[in-house]
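Asks: Model the structure of this input:
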Amino acid sequence: GGVERGLDANVFNKIFSEATKEKAQKLFLSPPSGTRDFFPWQMEIREKIMGIIRKVFKSHGGQEIDTPVFERREILLGQYGEGNKLVYDLDDQGTELSLRYDLTVPFARFVASNNVTKMKRFHIAKVYRRDNPSIVTGRYREFYQCDLDICGNSSPMVADAEILHTVNDVLTQVNASPFVVKLNHRRLLTEILTYCGVPEVLHNVICSSVDKHDKQTWENVKAEIILKGATEKSTDLIGTYMTVHGNLFETLDCIKQLFGDKMPE
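Replies: So this is what the prediction gives:
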């Protein structure tokens, strides 16, 4: 329609042009949801911190590698449990590809394809997850991971102890103290699920739910586990283990009491 109430056509066109420009900026000029831009001053801080991390990793004998940001989809799928739904898929000419979800599976592929039998590698790079972003909790779709993995045979618990030592060194040298290091053991968690009567086919998806316990109440996690197929009896028993608190020795003693004579090695 025409310009009403005596509004000059030139003024109207200017307002319309500015509104369209503002809308275009919101639609196209801001980074995609779950990602962010970094200013030079932020890059300086990041590079300084990453420099410290690299120095610590190298002091522990770490060797740096790099892998492609995307992998063959068949390599990634089936490795993350529920995380498969969070993998970004790419279109390619005849090859199904996906963006890496973490740095661990690409490293496993690197080891297998290059016949590596022993290596202490570190990798600092971006990973991608098709998750619901939350700025408040620091959950992004594109973010960095800093991995140090020890591949090959070693004396019992020696590699584990060195990883913990490295974590302590990194957090101390970047002045992140005071900090708390939380330990988990996938084999122990798997044994707990088996002991609680959870079918093996559900282990991966239920482990994904258990991982959320540090951010959600047990009641919310419990509801999700039941929704995924576990019985209420099994879920209540899982909760007996998941709600144990205390230092390392107190927690271990409590778990031993719960397992009785069936405590896994």
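Asks: So which residues of the stretch 1-150 of the chain form helices?
Replies: 9-24, 40-59, 73-76, 104-113 (DSSP state H, counting those that start in this stretch).
Asks: looking just at contacts, which helices and strands does the strand or helix carrying Y241 meet?
Replies: Using DSSP states H and E, Y241 falls within helix 232-242. Contacts defined by 3 or more CB pairs under 8 Å, 6 or more residues apart in numbering; DSSP states H and E place helix 232-242 against helix 186-195, helix 203-210, helix 218-227, helix 248-259. Backbone N, C-alpha and C define where each C-beta goes, glycine included.
Asks: do you know which of those lies nearest F143?
Replies: Taking CB to CB, helix 203-210 is the member of the helices and strands packed on helix 232-242 nearest to F143, at 18.2 Å.
Asks: helix, strand or coil for the closest residue in space to T231 that isn't next to it in sequence?
Replies: The shortest distance from T231 to any non-neighbouring residue, by CB to CB, 6 or more residues apart in numbering, is to G197 (7.1 Å). Here G197 is coil, with the state taken from DSSP: H, G, I helix; E, B strand; the rest coil.
Asks: ok, so what distance separates G197 from T240?
Replies: 13 Å (CB to CB, to the nearest Å).
Asks: Please apply the same query to L252.
Replies: 15 Å.
Asks: Would you check that the residue nearest to T231 makes contact with T235?
Replies: No - using CB atoms under 8 Å, G197 makes no contact with T235, being 9.8 Å away.
Asks: The two: who's more crowded?
Replies: Neighbour count, other CB atoms under 10 Å: between G197 and T235, T235 has more, with 23 against 13.
Asks: which residues does the more buried one contact?
Replies: Each residue near T235 by CB atoms under 8 Å, 6 or more residues apart in numbering is listed here: 196, 222, 225-226.
Asks: List only those of those residues flagged as buried.
Replies: Neighbour-count burial (16 or more other CB atoms under 10 Å) applied to the contacts of T235 gives 196, 222, 225.
Asks: and the last one, what does it touch?
Replies: Just to be clear, that refers to I225. 206, 209-210, 235, 238.
Asks: Would you mind measuring from the nearest residue to K118 once chain neighbours are set aside to T117?
Replies: In space, not counting the residues next to it along the chain, K118 is nearest to G152; the distance is 3.3 Å by CB to CB, 6+ apart. The gap separating G152 from T117 is 6 Å, by CB to CB.
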